[in-house]
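In: turn this into a structure:
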Amino acid sequence: MRLDPAPFQKIRSGEKTIELRLYDEKRRLIKPGDIIEFINTGDESILRVRVKNIYVFSSFEELYRSLPPEKCGYGKDEAKKADPSDMLKFYSKEMQDKYGVIGIETEPCRK
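Out: Okay, here's the model as predicted:
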């Protein structure tokens, strides 16, 4: 999964532990225990994490009501203003209706 540098660094630091995505065909294959890679679009560095839990919802509205925004990478002030409509710039309402959405909770890989 390619990420802009800021979200990539939040995952690396442990500040962000849940990645929000569309629950499309590719992500339906992900299961707890899998190892996934995040790639920093700034320098192409790679971060490997283990999938801890998967949370599936019908929409980002439902997801935002159920999961703590701070685990999704929002700072304390940002969490109060977290709005599911922000995800419309990435995933249309039609896409959400068709596939649903997923919160992928990750943890660092142990070597």
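
In: for the residue positioned nearest the centre of the chain, which non-adjacent residue is closest in space?
Out: Nearest to the mean C-alpha position of the chain, by CA atoms, centre = their mean, lies E19 at 1.2 Å. Counting by CB to CB, 6 or more residues apart in numbering, the nearest residue to E19 once its immediate chain neighbours are dropped is I104, at 4.6 Å. Where you see a C-beta, it was placed from the backbone N, CA and C, and this is true even at glycine.

In: also D4?
Out: T41 (5.5 Å).

In: and for P68?
Out: Excluding its sequence neighbours, the residue lying closest to P68 (CB to CB, 6+ apart) is A79, at 7.7 Å.

In: picking up where we left off before, just the pLDDT for the residue nearest to D4.
Out: pLDDT, T41: 95.

In: start at 27, not 1
Out: Will do, 27 is the new start, and the previous item becomes T67.

In: list the contacts of it.
Out: By CB atoms under 8 Å, 6 or more residues apart in numbering, the residues touching T67 are R28, L29, D30, P31, F34.

In: if you count neighbours, what's buried in the helix ranked longest in the chain?
Out: When the chain is parsed with DSSP state H, its longest helix is helix 31-39. Residues of helix 31-39 classed as buried: P33, F34, Q35, K36, I37 (neighbour count, 16 or more other CB atoms under 10 Å).

In: just the pLDDT at the fourth one, thanks.
Out: Spelled out, it's K36. According to the prediction, K36 has pLDDT 94.

In: can you pull the contacts of it?
Out: K36 is in contact with K42, G99, counting by CB under 8 Å, 6+ apart.

In: that one and R54: what is the separation?
Out: 25 Å (CB to CB, to the nearest Å).

In: so which helix or strand takes in R47?
Out: strand 44-48 (DSSP states H and E).

In: ok, so of the buried residues of helix 31-39, who is nearest M113?
Out: Comparing the buried residues of helix 31-39 against M113 with CB to CB places P33 closest, at 13.3 Å.

In: apart from its chain neighbours, what residue comes closest to that closest one?
Out: G99 (5.9 Å).
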